[in-house]
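Sequence and predicted structure, then a few things I'm wondering about:
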Protein chains: 2
Amino acid sequence: MNILLIEDDDVLADGLTHTLSDSGYCVTVAKTGTYAEHLLKAEGFDLIVLDLGLPDMDGLQLLRKLRSQKLSLPIMILTARDDLNDRIEGISQGADDYMTKPFELRELEARLHALIRRCYGGFSHIIEVGSLQLDTSSQKILAKGELLSLSAREYAVLELLLMQNGKVISKDKFAQHLSLQGDALTDNAIEVYIHRIRKHIAPYDVGIRTFRGLGYLLENKLND
Amino acid sequence: MNILLIEDDDVLADGLTHTLSDSGYCVTVAKTGTYAEHLLKAEGFDLIVLDLGLPDMDGLQLLRKLRSQKLSLPIMILTARDDLNDRIEGISQGADDYMTKPFELRELEARLHALIRRCYGGFSHIIEVGSLQLDTSSQKILAKGELLSLSAREYAVLELLLMQNGKVISKDKFAQHLSLQGDALTDNAIEVYIHRIRKHIAPYDVGIRTFRGLGYLLENKLND
DNA sequence: TCAAAACTGTCAATAACCTTACAGCTAATG
DNA sequence: CATTAGCTGTAAGGTTATTGACAGTTTTGA
């Protein structure tokens, strides 16, 4: 995780660099806004810690500038000013959080963690097989990025195949997974759904292999 | 935007409810942790404001419990305790931000805005799908820059589609998000609203796609 | 070669959805 | 206050997609 620390005070910069490095972050210090902008163009940072009191440029101004350039990084601002308006201004200008100096390093660390978790702790639950992608949280199955339009039943069947990827799924399993209240599906009904799904995914690099008497397996046609 | 306020102090709860309602949020108050849990199961909130000093349950405990249930809502905690450890503990237990009492309402509002922006809109306070724009801070929906005149219900439906952009939203979800006072909406009511919204956005490049048996998805008609 | 298992297209019943009309209600307006 | 306009949810009829049974065909493995 790369952090850009925009801070002109050597002592504070050193302290922060030390603490954050110890927690496993990679910290780069920019002493001026101009240099920070330069670094941002070149390198891939994940988070910015910005002290509003800079020598060459007003911090809020820099903040505005960065956001107007569609920079989407999370930004934590540090300020010595205890003025409420400044703090609100900072947040409404696009900062994600701020801390007022003097602050406890441990608290800054905790807040940075929260910020990172919220921004990158992507809970995207995507299962991939070949060019198929199952996104369980958004209830979608994509093939080569295109949204497959499946019926509820078809979705449920393909979902099971993807979730249990690598396993041979018996018709009983499908019936269990599909039937809401006891009334079991016939084996043939499952066959029908497998048939329909095969039609849907025919253009792509995955197929459903039959294991006679056992069930079905989703597999990548190319390399296993 | 539905906010669950977990707060036992009537005065504070009333004040917050007023302020946030004025800013266009729909606020529900839970006076106990137990009741909050109950509400969270039944209804669709977008944000939680949690006071750590609750009568029936330790706030941190509730926080831990919610997170362990994989609840991914953004959470802002309020605390009277000035103890650094408590604050850090709160954040590391999964809160996204905190404020120490007493605080300025304006600042809380600004922070809530920042939280919403970060969680639902990337770095911007505007969520864009095609030529539709949801402005989460002013609670407006624009289409090609023009303000859509939607009724409260229509707005709520489209808001959910935009906030959960990319996800297939079931009718249950809509019902949860819309009915914050017990009485559930029928499926048909949702269908009627979808119909009305389709009329509104017909001239533009976004549409609502039906997934039979699953729900609805907002999508850009042109490129995905 | 035979029987079992799986495949496939058709079809009627059904469930899901769309659409319009309307009645009760609320909020604004004169 | 009375009137109007708009919002909200229900009802009802029409439309379409889904579902699973069926029956004929093909494949498989012993």
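Yep, it's here. Numbers count the residues shown, from 1 in each chain, chains lettered A, B, ... in the order given.

Remind me what the helix or strand bottoming out on mean pLDDT in chain A packs against, helices and strands.
The weakest-scoring helix or strand in chain A, judged by mean pLDDT, DSSP states H and E, is helix A:84-92 (a mean of 77). Helix A:84-92 sits against helix A:59-68, strand A:75-79, strand A:97-100, helix B:105-120, with contacts defined as 3 or more CB pairs under 8 Å, 6 or more residues apart in numbering or on different chains; DSSP states H and E. Just so you know, the C-beta spots here come from the backbone N, C-alpha and C atoms, and that holds for glycine as well.

And those: which comes nearest A:Leu108?
strand A:97-100 (5.7 Å; CB to CB).

outside of that closest one, which residues touch it?
Defining contact as CB atoms under 8 Å, 6 or more residues apart in numbering or on different chains, one finds that strand A:97-100 is touched by A:76-82, A:87, A:90-91, A:107-108, A:111, A:114-115, B:97, B:114.

Separate out the buried members of those.
The neighbour count (16 or more other CB atoms under 10 Å in any protein chain shown) marks A:76-79, A:87, A:90-91, A:107-108, A:111, A:114-115, B:97, B:114 as buried among those.

Check those residues and tell me the two furthest apart.
A:Thr79 and A:Ala114 (18.6 Å).

Go ahead and confirm A:Gly44 touches A:Ile3.
No: applying CB atoms under 8 Å as the test, A:Gly44 and A:Ile3 come out as separate, 11.6 Å apart.

So those two - more neighbours on which side?
A:Ile3 (22 against 7; other CB atoms under 10 Å in any protein chain shown).

Are we agreed that that one is in a strand?
Yes: assignment of A:Ile3 by DSSP: H, G, I helix; E, B strand; the rest coil places it within a strand.

Residues of chain A that sit close to chain B?
Counting by CB under 8 Å from any CB of the partner chain, chain A comes close to chain B at A:67, A:70-74, A:84, A:87-88, A:91-92, A:94-97, A:104, A:106-107, A:110-111, A:113-114, A:117-119, A:123, A:137-140, A:145-147, A:149, A:151-153, A:155.

from the helices and strands packed on helix A:84-92, which stretch is densest packed?
strand A:75-79 (a mean of 23; mean count of other CB atoms under 10 Å in any protein chain shown).

List the neighbouring strands of it plus their orientation.
strand A:47-51 (parallel), strand A:97-100 (parallel) (DSSP bridges).

for stretch A:145-156, the distance to its chain's centre please.
Offset of stretch A:145-156 from its chain centre (CA atoms, centre = their mean, to the nearest Å): 23 Å.

for stretch A:69-87, same thing?
Counting by CA atoms, centre = their mean, stretch A:69-87 comes out at 23 Å from the chain centroid.

for stretch A:213-224, same thing?
Put simply, stretch A:213-224 sits 30 Å off its chain's centre (CA atoms, centre = their mean).

Quick one: mean pLDDT over it.
For stretch A:213-224, mean pLDDT is 81.

and that stretch with DNA strand C, contact?
Yes: with CB under 7 Å from any atom of the strand as the criterion, DNA strand C is reached by stretch A:213-224 at A:213-214.

Nearest spatial neighbour of the closest residue to chain B within chain A, chain-adjacent residues omitted?
Taking CB to the nearest CB as the measure, the point where chain A comes nearest chain B is A:Ala152, at 2.9 Å. Residue nearest to A:Ala152 in three dimensions, not counting chain neighbours: B:Gly213, with 2.9 Å by CB to CB, 6 or more residues apart in numbering or on different chains.

Adding distance to A:Ile197, write the buried ones among the contacts of strand A:97-100 out as CSV.
Formatted as CSV, the buried ones among the contacts of strand A:97-100 follow (distance: CB to CB, whole Å):
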residue, distance to A:Ile197
A:Met76, 48
A:Ile77, 51
A:Leu78, 55
A:Thr79, 57
A:Arg87, 55
A:Gly90, 52
A:Ile91, 49
A:Glu107, 52
A:Leu108, 51
A:Arg111, 47
A:Ala114, 42
A:Leu115, 42
B:Asp97, 45
B:Ala114, 44
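
Specify which member of those is nearest to DNA strand C.
If you rank these by distance to DNA strand C using CB to the nearest atom of the strand, B:Ala114 comes first, at 30.2 Å.
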